[in-house]
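>>> turn this into a structure:
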Amino acid sequence: MTVGIAKALYFVCAIAWYVIRYPYERRAWRTPVLRTARSLRDRLLVGAAVLGFGVMPVVYVSTRLLRPADRAFVPALAWLGLFIFAGAIWLNYRTHRDLGRNFSPSLDVRHGHTLVTTGIYAYMRHPMYAAFLLWGIAQALLLPNWIAGFSGLVGFATLYFLRVRQEERMMLETFGEDYRNYMSRTARLVPWIY
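Residues are numbered from 1 along each chain as shown. Below is the predicted model of the structure:
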């Protein structure tokens, strides 16, 4: 494992992530919205995540702007990062597959939306955020740069901690007691812990 290979693997994994997501996203945009919580704030939060997971790694790889923040490359950490990214990709796939037509890339309840409590959702309410958390950890391990490496975790934290309560409020408004019962028996992000 070299720095160049680690950088390339990062982008291969990021592309694989989006290849999984794209068909679900495309279908969601064609499904009418019944209730939305989209706002400028939400767009800024998503923008922070895009900045952390996409823009900063691209700037790091394609320019010399972030070179002063480079850190020592440790091949074993890069291998661990690749393993964790594989787990993130699997969780991303599982989340989309379990949601099916209920997937929405934004804070929307769409026509025909049902509450999903099976598959990965039997263990956690927000596996997509968990997948992004794993991606952020993998990014920190694969990209040996204090800024680009950790920008994914910053993007995740910004999106998750400032958005998840609003998302859960919307689900409570839509599904009421069913969602409240679901909340009582599942963890938010890490099964059996949090």
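>>> the lowest-mean-pLDDT helix or strand in the chain: what's the following helix or strand?
Lowest by mean pLDDT, DSSP states H and E among the helices and strands of the chain is strand 33-36, with a mean of 82. Downstream of strand 33-36, the first helix or strand assigned by DSSP states H and E is helix 40-50.
>>> and the helix or strand following that following helix, what's buried?
Counting by DSSP H and E, the next helix or strand C-terminal to helix 40-50 is helix 56-62. The neighbour-count check on helix 56-62 (16 or more other C-beta atoms under 10 Å) flags M56, P57, V59, Y60, V61 as buried. (Each C-beta comes from the backbone N, C-alpha and C, glycine too.)
>>> which residues touch whichever helix or strand comes after helix 56-62?
Using DSSP H and E, the helix or strand that follows helix 56-62 in sequence is helix 75-99. With C-beta atoms under 8 Å, 6 or more residues apart in numbering as the test, helix 75-99 has contacts from 1-2, 5-6, 9-10, 13, 16-17, 20-21, 24, 103, 116, 118-121, 127-128, 130-132, 134-135, 137-142, 144.
>>> pLDDT of helix 75-99, averaged?
The average pLDDT for helix 75-99 rounds to 97.
>>> and that helix, which residues are buried?
Neighbour counts over helix 75-99 (16+ other C-beta under 10 Å) mark 77-78, 81-82, 84-85, 88-89, 91-96, 98-99 as buried.
>>> tell me the helix or strand right after that helix.
As assigned by DSSP H and E, the chain's next helix or strand after helix 75-99 is strand 108-110.
>>> partner strands of that next one, parallel or antiparallel?
Take DSSP bridges as the rule and strand 108-110 pairs in its sheet with strand 33-36 (antiparallel).
>>> touching the strand it pairs with from outside, list them.
The contact list for strand 33-36, computed with C-beta under 8 Å, 6+ apart, reads S106, L107, D108, V109, R110, H111, H113, M170, E173, T174.
>>> and what of stretch 43-58?
Stretch 43-58 is contacted from outside by 10-11, 14, 66, 106, 132, 135-136, 139, 143, 147-148, 151-156, 158-159, 162-163, using C-beta under 8 Å, 6+ apart.
>>> give me the buried subset of those.
Using 16+ other C-beta under 10 Å, the buried ones in the contacts of stretch 43-58 are 10, 14, 66, 132, 135-136, 139, 143, 147-148, 151-156, 158-159, 163.
>>> how about the spatially most central residue of the chain: what's its closest non-neighbour residue?
Nearest to the mean C-alpha position of the chain, by C-alpha atoms, centre = their mean, lies F132 at 2.8 Å. Closest residue to F132 apart from its sequence neighbours, by C-beta to C-beta, 6 or more residues apart in numbering: F156 at 4.9 Å.
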